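Chemist: okay, predicted coordinates and the sequence, questions at the end:
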Amino acid sequence: MTNSLNSPQLTEESKTATTASILSGDTTKTAGVMKILVAGSGAVGKTTLLRVLKDNKPLEITPLSDKYHRTPFLNIETVSVERIGGTGSRGVFLMVDVAGQLDLPIHALRDFSSLALGSVELVLLMFTADNLQSLLDLRDWVSIIKTQHTGKKPLRFVLIMNKSDLGMNMDAGLVRQFLESEPLTTAYFEISCMNGQGIEEFKSWLTRYAAEQ
Ligand SMILES: Nc1nc2c(ncn2[C@@H]2O[C@H](COP(=O)(O)OP(=O)(O)OP(=O)(O)O)[C@@H](O)[C@H]2O)c(=O)[nH]1
Ligand SMILES: [Mg+2]
């Protein structure tokens with residue numbers, strides 16, 4: 001996946017997926033497009049989550065690549081999320097995936113906030129099971145997001161613990177504390193982009209949430 005400062009990636013594949021379903025008169029329920037920001041420190045799996053949702057397969061089946069490639073700035077993709085074996089309901093989401101390093105000289109959230117945050121309704125706050133610091137870092141993310149967000153619709157947060165396959169290496173009380181201290185948080189999921197644990201549950205919630213908005 002390429003990233004560039006000037007051209008957020010709306011891939012041809014994703015554009016056609018949405019257009020094709022409209023043109024084909026597809027009758028499955030499709031909610032309006034909701035813009036979602038995927039936030040969290042470097043290497044928590046933000047880019048991977050987008051890939052896993054798009055491919056509908058966990059990493060262990062379709063590995064991204066052997067090496068971890070930091071997202072240098074921002075990556076925007078249209079992702080169609082459909083529940084497997086569900087009611088056929090589906091949501092189309094514009095997902096904004098930003099660099100995990102908030103202290104970069106130029107960061108999308110600070111310096112291109114209308115591109116990254118404009119019309120965002122939902123923020124996925126990601127941390128990993130094996131890294132307490134990535135949970136603590138979310139305070140900074142929440143603070144900068146609240147400062148920069150100027151949309152008319154209220155923001156909602158979803159807390160996501162990724163890499164559950166690595167085992168939880170922190171006190172669960174700290175997660176509870178975060179949830180209790182941030183009233184805009186509407187849901188919490190423990191997932192593994194590696195083995196797919198929790199992904200279907202998250203997808204079901206997401207499509208339901210979008211349909212209700
Ligand atoms: N074990 C395990 N590894 C994962 C999981 N999800 C992602 N990874 C790995 O974690 C590394 C970082 O993933 P990315 O998706 O690039 O992380 P990111 O949050 O986009 O990172 P930045 O772009 O730097 O902000 C990659 O090597 C992934 O293969 C998971 O659920 N379990
Ligand atoms: Mg990334």
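Modeler: It's in. Residues are numbered from 1 along each chain as shown. Ligands and ions are numbered 1, 2, ... in the order given.

Chemist: which residues in the chain form strands?
Modeler: The residue ranges that make up the strands of the chain, judged by DSSP state E, are 34-39, 74-82, 90-98, 120-128, 156-162, 185-190.

Chemist: which strands or helices does the third one pack on?
Modeler: The one in question is strand 90-98. strand 34-39, helix 46-55, strand 74-82, helix 108-111, helix 113-117, helix 199-212 (3 or more Cβ pairs under 8 Å, 6 or more residues apart in numbering; DSSP states H and E). Every C-beta, even on glycine, is put in place using the N, C-alpha and C of the backbone.

Chemist: cool, and the last one?
Modeler: The elements that strand 185-190 packs onto, with contact taken as 3+ Cβ pairs under 8 Å, 6+ apart, are strand 156-162, helix 172-181, helix 199-212.

Chemist: report the buried residues of that strand.
Modeler: When neighbours are counted by 16 or more other Cβ atoms under 10 Å, the buried residues of strand 185-190 are found to be 185, 187, 189, 190.

Chemist: just the second one next, same as before
Modeler: In terms of neighbour count (16+ other Cβ under 10 Å), strand 74-82 has its buried residues at 74, 75, 76, 77, 78, 79, 80, 81, 82.

Chemist: between those, which is closest to ligand 1?
Modeler: Proximity of the buried residues of strand 74-82 to ligand 1, judged by Cβ to the nearest ligand atom, is greatest for residue 75, which lies at 8.4 Å.

Chemist: is the closest one bridged to anything, and to what?
Modeler: Assessed by DSSP bridges, residue 75 has beta-bridge partners residue 97.

Chemist: got it, and the one 5 residues further on?
Modeler: Listed by DSSP bridges, the beta-bridge partners for residue 80 are residue 92.

Chemist: what's the end-to-end length of stretch 105-122?
Modeler: As for stretch 105-122, its first-to-last residue distance stands at 26 Å under the measure Cα to Cα, to the nearest Å.
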